[in-house]
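**Student:** got a predicted structure plus its sequence, pasted below:
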Amino acid sequence: MAEIVLDKVTKRYPDGALAASEVDIDIADGEFIILVGPSGCGKSTTLNMIAGLEDISSGELRIGGARMNEKAPKDRDIAMVFQSYALYPHMSVRENMAFPLRLAKVDDREVREKVDEAATILDLTNHLDRKPSNLSGGQRQRVAMGRAIVRSPKAFLMDEPLSNLDAKLRVQMRTSVSKLQKQLGTTTVYVTHDQTEAMTLGDRVVVLRGGYVQQVGSPQFLYEQPANLFVAGFIGSPSMNFFPASLADNRLNTPLGEVELTDRVRRLLEGKDAPREVIAGVRPEHFEDAGLLDEPTRSGGATFRAKVDVLESMGSDKYAYFTVEGEQAVSSELEELAADAGATEVPETGSQVVTRLSAASTATEGGTTELWFDRDKVELFDPSSGVNLTYSG
Amino acid sequence: MTAEVGTTAPAAGTEQPPGKRALSEGKRAERKLAFWLCAPAAIVMLAVTAWPIIYSIWLSLQRYDLRFPAETEFVGLENYITVLSSPYWWTSFGVTVFLTAISVAIEFVLGFALALIMHRTIVARGLIRTVALIPYGIVTVVAAFSWRYAFTPDTGYLAQLIAPDSALLTERLPAFSIIIVAEVWKTTPFMALLLMAGLALVPDDLLKAASVDGAGPWKRFIKVIVPVMKPAILVAVLFRMLDAFRIFDNIFVLTQGAQQTGSVSVSTYNNLIKGLNLGIGSTMSVLIFITVAIIAFIFVKGFGTAAPGSDDGGKR
Ligand SMILES: Nc1ncnc2c1ncn2[C@@H]1O[C@H](COP(=O)(O)OP(=O)(O)OP(=O)(O)O)[C@@H](O)[C@H]1O
Ligand SMILES: [Mg+2]
């Protein structure tokens, strides 16, 4: 067990591609840290640099205080789980799990004990003599985990270990991974592009974009205090709604109506040199059916009428989708997020808004409903730099 | 029964009981169609391969010497007894086994090294692969002649370089070495090419996993690369062994089989074409055929050699 420090670690591939740029992360001993970001943002590259599978172009990597840049992977005492599981096809499950121990010249009795122990933890005892090709996806995944844990390494590195599993199994395995990590207390770096995994698994989350660290923090903190548009749009599902808005005399003019800024927001904006034109962001759960609110709450926000395009009832709450006429908020970050989400539909006029309403809402599909949003929860972003103007962290 | 089996949908990969199931109606029809589609090719193959084989066997059972056509008669296995009790046959058989073993072993090592180099290189990949393949593209007889000239006393550059005062091709062991060098030079690229195809079957992630698990380059090679590409290795070695066992051109050009350097193919040629003894010559061809078949049988049954990709244990 050990802490891992990335000190201005940069990776430039021989073809010139900059995959990681001055990445600074301090990972504490026993911490579970998640690297998240859209495809191609450098997650795997960063992980491979920690593992020693890719050379570090500049900067320093320290594991347990010792410089690792020049060490071969086998001398770093770390274990890795791959998306493809990378099980040795010619070895049985037992041999697969024993492989790292055999290479470390552990004696036979101890190998047997450790493999049996790991197999018990992972519920693989009945499959020890089978070949990986005869196992189901979930079982293969567990063998890959088993191969990582038998050695009690300093750290686990996992590169999208669950993304080849079907949705149900993924949820199940997510819980097991989390439990296992708590039980073993081993420092873990986990790469994913899955929202839910990022939010539920880690102690802290690192959001990457194009090789640059955007923000590091606990899942809750990233959710509540995104440092910029990218993090705001990336974290949260369904994601935050963005509108073009303008600021004037402590009032915010949005396509949903004009609202007065709350004291909290006003204080945050002070000294930030906010431009006149901004992008306003509101999370789906900060909307509500205006008819359900009492007067004091209602006056803490703004109301507007909207025609609900689609209404999804989830039982516990309802998701109402509607379209706001007018221009869409534009920024390079939002475009990148849309591209990553696969939203390549032709730009429609107006922007789609997702709201989460109480189950008691009387909104109907196709009907017009009076909706409300909390003006204290509005976040404002600088459209050119993407910086969160209401960030207080 | 058929109706029942027909309705069991092919369960997608999970918990399938091992072993073969009864074929469904549709599968059987498909088999039939496949059989008919292959039939023309199979018939042509039989006509051009099976007929000569059968005819050789027939000839090998007769006393049939073109110099004495009047004495032709059916003698059963007498020719086999003659050949198998002849020291000449066993000498050439020993020579062939020796040449096969040594040259295939050297080719395997060199070919593997070459394959690894070709697999790893990033710069000028195409150029390197093309250059490496040149020897294989040259007609064996032409290459053999150039080796012969190179080792001709007085005029050959290699002869002058290595042993200016002796005729290497007329001494038994040096002649063997030259034959082996010529064989290895010529066919290593073929071996390398087959092994390179096998290397491509080893997933990158597997090697990364092995590095992280604590394996250095050598352990990765021995414990991961070689076992994973075992099918490709066996196919490559089998092909080369079958080929090497029939060695003819190099020996024919370099030594004509003098100083007991003749292989079984050279002996066959001497009896069949030079000696015009069709009976004995055919007997030798049949014996070569049987030996080659035994080698193939050992590889397929004993080591489980299969066409790369046709085994489903392994990958995926
Ligand atoms: N061997 C390589 N040579 C050159 N560029 C590379 C190489 N490997 C990756 N890259 C580039 O580096 C960037 C980061 O790649 P990386 O594999 O780390 O992305 P990722 O975040 O893991 O993405 P994904 O979620 O799709 O796995 C990409 O732009 C990619 O094109
Ligand atoms: Mg990746």
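**Tutor:** On my side now, so go ahead. Ligands and ions are numbered 1, 2, ... in the order given.
**Student:** what sits against residue 59?
**Tutor:** Just so you know, I chose chain A. Contact analysis of residue A:59 by CB atoms under 8 Å, 6 or more residues apart in numbering or on different chains lists A:6-10, A:22-23. Using the backbone N, CA and C atoms, a C-beta is placed for each residue, glycine as well.
**Student:** actually, chain B is the one I wanted.
**Tutor:** Contacts of residue B:59 by CB under 8 Å, 6+ apart are B:278-279, B:282.
**Student:** nearest to residue B:46, out of those residues: which one, please.
**Tutor:** residue B:282 (19.7 Å; CB to CB).
**Student:** so for the host helix or strand of the closest one, what gets flagged as buried?
**Tutor:** Residue B:282 belongs to helix B:278-297 when assigned by DSSP states H and E. Using 16 or more other CB atoms under 10 Å in any protein chain shown as the test for burial, helix B:278-297 gives B:278-288, B:291.
**Student:** other SSEs contacting the lengthiest strand in chain A?
**Tutor:** Criterion DSSP state E: the longest strand present in chain A is strand A:301-313. When contacts are defined as 3 or more CB pairs under 8 Å, 6 or more residues apart in numbering or on different chains; DSSP states H and E, strand A:301-313 sits against strand A:257-260, strand A:317-324, strand A:368-374.
**Student:** so who does the closest residue to residue A:238 other than its chain neighbours touch?
**Tutor:** Nearest residue to residue A:238, sequence neighbours excluded (CB to CB, 6 or more residues apart in numbering or on different chains): residue A:354, at 4.5 Å. Residue A:354 is in contact with A:238-239, A:241, A:284, A:319-321, counting by CB under 8 Å, 6+ apart.
**Student:** what distance do you get for the residue of the stretch 201-316 of chain B found nearest ligand 1 to residue A:81?
**Tutor:** Residue nearest to ligand 1 within the stretch 201-316 of chain B (CB to the nearest ligand atom): residue B:204, separated by 10.2 Å. Here the distance between residue B:204 and residue A:81 works out to 16 Å (CB to CB, to the nearest Å).
**Student:** cool, residue A:150 as well?
**Tutor:** 12 Å.
**Student:** where does the closest residue to residue A:328 other than its chain neighbours land on pLDDT?
**Tutor:** Spatial nearest neighbour of residue A:328, excluding adjacent residues (CB to CB, 6+ apart): residue A:351 at 4.6 Å. The confidence metric pLDDT takes the value 80 at residue A:351.
**Student:** how many other residues sit next to residue A:351?
**Tutor:** Neighbourhood size, residue A:351 [other CB atoms under 10 Å in any protein chain shown]: 20.
**Student:** same deal with residue B:199?
**Tutor:** 18.
**Student:** and for residue A:143?
**Tutor:** 27.
**Student:** which ones are touching the residue nearest to it when sequence neighbours are not counted?
**Tutor:** Excluding its sequence neighbours, the residue lying closest to residue A:143 (CB to CB, 6+ apart) is residue A:93, at 5.3 Å. The contact partners of residue A:93, by CB under 8 Å, 6+ apart, come to A:119, A:124, A:127-132, A:135, A:143, A:146.
**Student:** is it fair to say residue A:384 lies in a helix?
**Tutor:** No. Counting by DSSP: H, G, I helix; E, B strand; the rest coil, residue A:384 is not found in a helix; it is coil.
**Student:** list phi and psi for it.
**Tutor:** Residue A:384 adopts backbone torsions of phi -80, psi -40, taken as degrees, to the nearest 10.
**Student:** was I right to think it contacts residue A:273?
**Tutor:** No. Here residue A:384 lies out of contact with residue A:273, judged by CB atoms under 8 Å, at a distance of 12.0 Å.
**Student:** where exactly do the helices run in chain A?
**Tutor:** Assigned by DSSP state H, chain A shows helices spanning A:43-51, A:93-103, A:108-121, A:137-149, A:167-184, A:195-201, A:219-224, A:229-234, A:263-269, A:295-299, A:332-340.
**Student:** what lies in contact with the fifth one?
**Tutor:** Right, the one you point to is helix A:167-184. Helix A:167-184 is contacted from outside by A:32, A:121, A:137-138, A:141, A:145, A:149, A:152, A:156, A:158, A:161-163, A:165, A:188, A:190, A:194, A:196-197, A:200-201, using CB under 8 Å, 6+ apart.
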